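Undergrad: how does the following fold in three dimensions:
(chains A and B)
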Amino acid sequence: DAKTTQPPSMDCAEGRAANLPCNHSTISGNEYVYWYRQIHSQGPQYIIHGLKNNETNEMASLIITEDRKSSTLILPHATLRDTAVYYCIVRVPDNNDMRFGAGTRLTVKP
Amino acid sequence: NAGVTQTPKFQVLKTGQSMTLQCAQDMNHEYMSWYRQDPGMGLRLIHYSVGAGITDQGEVPNGYNVSRSTTEDFPLRLLSAAPSQTSVYFCASSRIGTDSSYNSPLHFGNGTRLTVT
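TA: Residues are numbered from 1 along each chain as shown, chains lettered A, B, ... in the order given. Now for the predicted structure:
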């Protein structure tokens, strides 16, 4: 049973902000939202995670709605190297396993 | 610091053959797991381990065995390969949080591409 819903694909112009949405309407109070990306056929790469406050690191920003039912990953200045599949994951409590859906394929265009 | 190392990178098997996919991490992570990724799809959890001597099943465990004799290593065994097991296999590891925050991200290897003919 899918815990997150993401659009299958998105395009973004190089240099512009990429905003990737994720719905997680059944999220529990102690579950975190994680974002990973997978470039070509490499192993997934961790980007950012959060519980309820907005978070920012050197790669991206994560905006979580007040009701926690959705979130947005923001890449502030997308480059061609940001072309990848982006996965939004809600972490299952009590263990460390993460269930990946199909993700969003982001294509950054020149 | 090598992170998560998977070997081999590529493997071709005939139906019925057995093999072991190796995974090692040098970060002293308690948690390790195996995923498979079929073309155009997300990752699916096969097996995982929360420490030496402890393993458990994920979403798609059938046809695979695992063991965890050390913290560093978590091999995945295919006892009798089938064409349906053609896939890319990823190993991952992370710390296990000591509080309720569950905030340790997974570190992934670069995968083993397996073809079963």
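Undergrad: show me what contacts residue 73?
TA: Just going to use chain A. A:19-20, A:22, A:35, A:47-48, A:60-62, A:86, A:88 (Cβ atoms under 8 Å, 6 or more residues apart in numbering or on different chains). No exception for glycine: its C-beta is placed from N, CA and C like everyone else's.
Undergrad: to clarify, I was referring to chain B.
TA: By Cβ under 8 Å, 6+ apart, residue B:73 lies in contact with B:22-24.
Undergrad: most neighbours among those residues, which one?
TA: Going through those with other Cβ atoms under 10 Å in any protein chain shown as the criterion, the one with the most neighbours is residue B:23, at 25 neighbours.
Undergrad: surely that one is in contact with residue B:109?
TA: Yes. Contact status for residue B:23 versus residue B:109: in contact at 6.3 Å, counting by Cβ atoms under 8 Å.
Undergrad: identify the contacts common to those two.
TA: Applying Cβ under 8 Å, 6+ apart, one finds that residue B:23 and residue B:109 are jointly contacted by B:4-6, B:91.
Undergrad: give the helix, strand or coil label for the closest residue to chain B within chain A.
TA: Residue of chain A nearest chain B, by Cβ to the nearest Cβ: residue A:43 (3.2 Å). Look at residue A:43: counting by DSSP: H, G, I helix; E, B strand; the rest coil, its state is coil.
Undergrad: nearest spatial neighbour of it, skipping sequence neighbours?
TA: Counting by Cβ to Cβ, 6 or more residues apart in numbering or on different chains, residue A:43 lies nearest to residue B:108, which is 3.2 Å off, once chain neighbours are set aside.
Undergrad: so how many other residues sit close to that neighbour?
TA: When neighbours are counted by other Cβ under 10 Å, residue B:108 registers 24.
Undergrad: give me phi/psi at the closest residue to residue B:7 other than its chain neighbours?
TA: By the measure of Cβ to Cβ, 6+ apart, the closest residue to residue B:7 outside its immediate chain neighbours is residue B:22, 4.7 Å from it. Taking degrees, to the nearest 10, you get phi -100, psi 150 for the backbone angles of residue B:22.
Undergrad: do the same with residue A:88
TA: Main-chain dihedrals, residue A:88, degrees, to the nearest 10: phi -100, psi 130.
Undergrad: and the gap between it and residue A:4?
TA: Taken as Cβ to Cβ, to the nearest Å, the spacing of residue A:88 relative to residue A:4 amounts to 5 Å.
Undergrad: counting neighbours, what do you get for residue B:79?
TA: When neighbours are counted by other Cβ under 10 Å, residue B:79 comes out with 12.
Undergrad: of the contacts of residue A:73, grab the buried ones for PyMOL.
TA: Here is the PyMOL selection string for the buried members of the contacts of residue A:73, based on 16 or more other Cβ atoms under 10 Å in any protein chain shown:
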select buried, chain A and resi 20+22+35+47+48+60+61+62+86+88
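Undergrad: of the contacts of residue A:73, which belong to strands?
TA: Among those, DSSP state E puts A:19-20, A:22, A:35, A:47-48, A:61-62, A:86, A:88 in strands.
Undergrad: next, the distance between the ends of stretch B:39-56.
TA: 25 Å (Cα to Cα, to the nearest Å).
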